[in-house]
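Asker: fold the following and give me the result.
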Amino acid sequence: LKQVFNKDKTFRPKRKFEPGTQRFELHKRAQASLNSGVDLKAAVQLPSGEDQNDWVAVHVVDFFNRINLIYGTICEFCTERTCPVMSGGPKYEYRWQDDLKYKKPTALPAPQYMNLLMDWIEVQINNEDLFPTSVGKCEE
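Answerer: Okay, here's the model as predicted:
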């Protein structure tokens, strides 16, 4: 694992993902999307006659589900010991604030930050006022 995060080396996997594993399935999906030749602009374009808010809501939930899958594959490698800071490289540190338990921006280990973030997003997605489950109920 040290080789993966070594700044002086490029990670090059030497073996394929084992068939039947979650990583294998994610790999197949990633390869299919990269090799599909899909026009991304056309893929996200609002279909004729559909409500824009409903369309965006579907994609937000889908994006959350995909991020959850990806995060699930790496979370065991990022512990409070190995990832003591939630950062976006050496110049950026993310701090958590939710106005409940964390009233001021607070530095947290990456796993704790991610768990709070994923929980917060799930609450937003399950909020019927923001993401109604009935088609055509989103408000602008």
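Asker: contacts, neighbours, all on C-alpha from now
Answerer: OK.
Asker: mind giving me the packing neighbours of the biggest helix by length in the chain?
Answerer: In the chain, taking DSSP state H as the definition, the longest helix is helix 52-74. Using 3 or more Cα pairs under 8 Å, 6 or more residues apart in numbering; DSSP states H and E, the elements in contact with helix 52-74 are helix 22-35, helix 110-125.
Asker: what's the angle from that helix to helix 110-125?
Answerer: Using axes from the mean of the first three to the mean of the last three Cα atoms, to 10 degrees, the direction of helix 52-74 lies 150 degrees away from that of helix 110-125.
Asker: buried residues in helix 52-74?
Answerer: 52-55, 57, 61, 71 (16 or more other Cα atoms under 10 Å).
Asker: for stretch 103-116, same thing?
Answerer: Those would be 107-114, for stretch 103-116 by 16+ other Cα under 10 Å.
Asker: dump it to PDB, restricted to CA.
Answerer: Presented in PDB, the C-alpha positions along stretch 103-116 are these (Å, rounded to 0.1, in the frame of the first residue of the first chain):
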ATOM      1  CA  LYS A 103     -20.700  24.700  15.200                       C
ATOM      2  CA  LYS A 104     -17.400  25.900  13.800                       C
ATOM      3  CA  PRO A 105     -15.300  24.400  10.900                       C
ATOM      4  CA  THR A 106     -13.500  21.500  12.600                       C
ATOM      5  CA  ALA A 107     -10.500  19.500  11.300                       C
ATOM      6  CA  LEU A 108     -11.400  15.800  11.400                       C
ATOM      7  CA  PRO A 109      -9.700  12.600  10.200                       C
ATOM      8  CA  ALA A 110     -10.800  11.800   6.600                       C
ATOM      9  CA  PRO A 111     -12.900   8.700   7.500                       C
ATOM     10  CA  GLN A 112     -14.900  10.700  10.100                       C
ATOM     11  CA  TYR A 113     -15.300  13.600   7.700                       C
ATOM     12  CA  MET A 114     -16.500  11.200   5.000                       C
ATOM     13  CA  ASN A 115     -18.900   9.400   7.300                       C
ATOM     14  CA  LEU A 116     -20.500  12.700   8.400                       C
END
